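Asker: I'll drop the sequence and a predicted model, then ask my questions.
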Amino acid sequence: MISLLLFCGFFLNIYRNLSDKMKEIINYLIVGGCTTVVSIVTYYIFRLFIDNYLICTVISWIFAVLFAYVTNKIFVFHSKDKNILIEFVSFIFSRLLSLAAEVICMFTLVDIIKMSDMVAKIIVQFIIIVLNYIFSKLFVFKGKE
């Protein structure tokens with residue numbers, strides 16, 4: 001237990017000394033990882049009840065987007081934007097673009113390449129994390145730290 005505390009303290013000290021840009025990227029990777037877990041777990045749960053993997057992809061996207069908006073706003077980009085509606089709509093629009101990319105990738109991997117849908121879902125999430133960071137940084141939370 002003590003070694004775990006020392007280990008965490010060591011990394012916390014390194015984190016404190018990083019530039020704001022590096023902290024933002026690390027925070028995004030953590031939040032993006034959590035969002036990915038939300039997406040995969042909800043996909044898996046709905047897949048137990050719904051046979052169509054594309055419908056499950058959209059449902060898991062909804063859960064992931066709601067989670068991602070709140071966590072990105074608070075923990076990654078520290079947005080203080082007073083116009084939450086415009087910010088949220090911008091976020092949704094950017095995530096719709098990544099949803100289109102996700103559906104196209106899922107269709108390509110599952111229906112054309114014949115990959116397992118769960119394996120495809122996990123692979124595609126790496127592409128989506130990168131796209132979502134770019135969209136969030138450039139179009140949604142730009143200059144709002």
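Answerer: That came through fine.
Asker: ranges for the helices of the protein?
Answerer: Counting by DSSP state H, the chain has helices at residues 2-16, 20-47, 53-71, 84-107, 117-135.
Asker: find the centremost residue of this protein, please.
Answerer: The chain has residue 32 as the residue nearest its centroid, 3.8 Å off, counting by Cα atoms, centre = their mean.
Asker: so that residue sits against residue 129, correct?
Answerer: Yes. The criterion here is Cβ atoms under 8 Å, and residue 32 meets it with residue 129 at 4.4 Å. From N, CA and C alone the C-beta is placed, and that goes for glycine too.
Asker: next, count neighbours for the closest residue to residue 35 other than its chain neighbours.
Answerer: Take residue 35 and drop its neighbours on the chain: the residue closest to it by Cβ to Cβ, 6 or more residues apart in numbering is residue 68, 4.5 Å away. When neighbours are defined as other Cβ atoms under 10 Å, residue 68 has 23 of them.
Asker: residue 68 and residue 34, how far apart?
Answerer: Here the distance between residue 68 and residue 34 works out to 9 Å (Cβ to Cβ, to the nearest Å).
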